[in-house]
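Asks: any chance you could fold what I've pasted below:
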Amino acid sequence: MIIDVTFDPIIARLGPIELGWHGLFTALAIITAVWLGCWRAERRGLPAEPLGRVATWALVGGVLGARLFHVLDHLPYYLANPLEVLAVWEGGLAVYGAFLGGLAAALLAARRAELPAWPLLDAAAPAMLVGQAIGRLGCLSNGDAWGAPTGGAWGIVYWHPHDLLSPALLGVPTHPYPLYEILAEVVLLGGLWLVRRRLAQPGITFLVAAVGYAVIRFELTFFRQEPALLWGLQEAQLVALATGLIALGALLVRSREPWVASPTGPVSDGEGHVG
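Replies: Next up, the predicted model:
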């Protein structure tokens, strides 16, 4: 089956600034993730007022991290076109950069606001997965996260010169990587929901989600076409391997720590923190 993408990913232009489908889906993803994360955090007993500040800092850190990782992944191009480093409206936001940058900024802000880290991360984990799935629709619209050629009469084919995949791949059937990832994230979200009662201990939901997403990115990146950096692995795979192992180690440690579950209210981790 061939999916032809022929429309212009750019909706409108205002001087040097372009409004594209990628930007619209990114904005929708951010709004949805922030709302869902804050709603889940409030349901866990966290105060609403400082959550807004934490979300703002997480957003800033996420955007900076996402752009930094993307620029580093395409460094020769941006060295030749340095002004385009700031053109985030054209696409080019690395997911793991957003995750690490947003995580670091959110934890710093949460510490200043004296909010417990683990319950906050548990609230954010499903929200981030939902936001990521929505954001991948933007990647699908402009070829920002293109897959390798399928070598057959199936795949997704981009035709418009404004699409962001390599010009050599225009008109070539490629793996619909964004669709693969969206499907995998939906499965991961469904799994988290089904076993949610077994993930009641603060921090476990976040760590399971982090491990699950690391597995998704490591496996699905084999369908991408990015430069190999080490051991034949692409940048996203190396980051997924590192974050997945760290999250897995933290999961094993955290699951052995004592905690007390309240039958009527939020979950306590034995240190006065609620989940």
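Asks: any idea how far the closest residue to Val5 other than its chain neighbours is from Ala133?
Replies: Excluding the flanking residues, the one nearest Val5 by Cβ to Cβ, 6 or more residues apart in numbering is Tyr158, at 5.0 Å. For every residue, glycine as well, the C-beta is placed using N, CA and C. Per Cβ to Cβ, to the nearest Å, Tyr158 is found 21 Å from Ala133.
Asks: wait, doesn't the residue nearest to Val5 sit right on Leu170?
Replies: Yes: applying Cβ atoms under 8 Å as the test, Tyr158 and Leu170 come out as touching, 5.9 Å apart.
Asks: and the two? Which one has more around it.
Replies: Taking other Cβ atoms under 10 Å, Tyr158 and Leu170 do not tie; Tyr158 has more neighbours (26 against 14).
Asks: backbone dihedrals for the more buried one, please?
Replies: phi -100, psi 140 (degrees, to the nearest 10).
Asks: do you know how far it is from Gly143?
Replies: Distance from Tyr158 to Gly143, by Cβ to Cβ: 5 Å.
Asks: Gly23 too?
Replies: Gly23 sits 15 Å away from Gly143, going by Cβ to Cβ.
Asks: and the two? which has more neighbours close in?
Replies: Neighbour tally, Gly23 and Gly143, criterion other Cβ under 10 Å: the higher count belongs to Gly143, 27 against 21.
Asks: surely that one touches Phe7?
Replies: No: in this structure, Gly143 is not within contact of Phe7 by Cβ under 8 Å, at 11.7 Å.
Asks: list residues touching both of Tyr158 and Gly143?
Replies: Taking Cβ atoms under 8 Å, 6 or more residues apart in numbering as the contact rule, Tyr158 and Gly143 both touch 5, 165, 169.
Asks: how deep is the first one tucked in, by neighbour count?
Replies: Val5 is flanked by 16 other residues according to other Cβ under 10 Å.
Asks: quick check, pLDDT for Ile10.
Replies: For Ile10, the model assigns a pLDDT of 90.
Asks: that one against Pro161, yeah?
Replies: No: at 10.5 Å, Ile10 and Pro161 do not qualify as touching, with contact defined as Cβ under 8 Å.
Asks: ok, those two, which is more surrounded?
Replies: Legend: neighbour count by other Cβ under 10 Å for Ile10 and Pro161, higher for Ile10 (18 against 8).
Asks: for the helix or strand of the chain with the lowest mean pLDDT, name the packing helices and strands.
Replies: Here the helix or strand of the chain ranked lowest by mean pLDDT, DSSP states H and E is helix 75-80, holding a mean of 75. Applying 3 or more Cβ pairs under 8 Å, 6 or more residues apart in numbering; DSSP states H and E, we find helix 75-80 packed against no helix or strand.
Asks: right, I'll call it a day here.
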